[in-house]
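Asker: just a sequence and a predicted model for now, questions to come.
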Amino acid sequence: MRDVIKSGLILFIISLTVALALAFTYSVTKDTIETRKMEKAEEARGLVMSYAETFEKLENLDLSSSIIKAVYNGIADGSVVGRVFEIEGSGYGGPIQITVGIDSEGLITGVHIGDNSETPGLGQKVTKENFLSQFKGISFEQSLKAVKNPSDKEEEIHIASGATVSSEAVVDAVQAAMDLNREIITGKGDL
């Protein structure tokens, strides 16, 4: 009985030490991790709308039931030149962080794929330029559609081979951004 109590006490002390070390490490690194996360998000906004000088978050939007997590006005020379949408789509491997830029004319300026858990070699194909470039210049007046065969229609996005679920997640995310942008422009958004 004495050996059992001794072993249990040793195991408790080891577990407590490890838990305290993890808590300390987290408290020391959480600010750095959050700063890097914000820097990556700012960089993604700049990639999809390179001509914007700054980005101002729209605070009065109700995004609670949407895959869109944040919307920013892109500002250049003191005026709004477009919007950037931060979206979390659902891919095959889990959440996909997607950033979409739409200019003041309603044309897509770029799509960037951030953190994701998609399958390397397959689902990761949605991060490649040959897939993402299909979105550039599409107007918000069109409805996007994911198709398996290449098409001449601008609004038909050719899915990445072997990455159907991931491709459809990106198409759905871009469509959600286009729809919300249309609502904001026409005054139907909750601003």
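Answerer: Nice, thanks for sending it over. Numbering: from 1, shown residues only.
Asker: which stretches in the protein count as helices?
Answerer: Along the chain, the segments classed as helices by DSSP state H run 2-48, 129-132, 164-186.
Asker: export those to a markdown table and tack on distance to residue 74, mean neighbour count and mean pLDDT?
Answerer: Glycine gets a C-beta too; all of them are placed from N, C-alpha and C. A markdown table is the format used below for the helices of the chain (distance: least, Cβ to Cβ, whole Å; neighbours: other Cβ atoms under 10 Å; pLDDT from 0 to 100):
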| stretch | distance to residue 74 | mean neighbour count | mean pLDDT |
| --- | --- | --- | --- |
| helix 2-48 | 8 | 11 | 92 |
| helix 129-132 | 18 | 14 | 87 |
| helix 164-186 | 12 | 21 | 90 |
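Asker: among the ones you listed, which comes closest to residue 63?
Answerer: The closest of those to residue 63 is helix 164-186. By Cβ to Cβ, the value is 8.3 Å.
Asker: what about that closest one, distance to the chain center?
Answerer: 12 Å (Cα atoms, centre = their mean, to the nearest Å).
Asker: circling back: let's have the helices of the chain in a markdown table, adding distance to residue 77.
Answerer: What follows is the helices of the chain, written out as a markdown table (distance: least, Cβ to Cβ, whole Å):
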| stretch | distance to residue 77 |
| --- | --- |
| helix 2-48 | 16 |
| helix 129-132 | 28 |
| helix 164-186 | 20 |
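Asker: among those helices, which is nearest residue 76?
Answerer: Per Cβ to Cβ, nearest to residue 76 of those: helix 2-48, 11.9 Å.
Asker: helices or strands up against that closest one?
Answerer: strand 79-90, strand 95-103, strand 108-116 (3 or more Cβ pairs under 8 Å, 6 or more residues apart in numbering; DSSP states H and E).
Asker: show me which of those has the highest average neighbour count.
Answerer: strand 95-103 (a mean of 24; mean count of other Cβ atoms under 10 Å).
Asker: partners of that one in the sheet?
Answerer: According to DSSP bridges, strand 95-103 forms sheet pairs with strand 79-90 (antiparallel), strand 108-116 (antiparallel).
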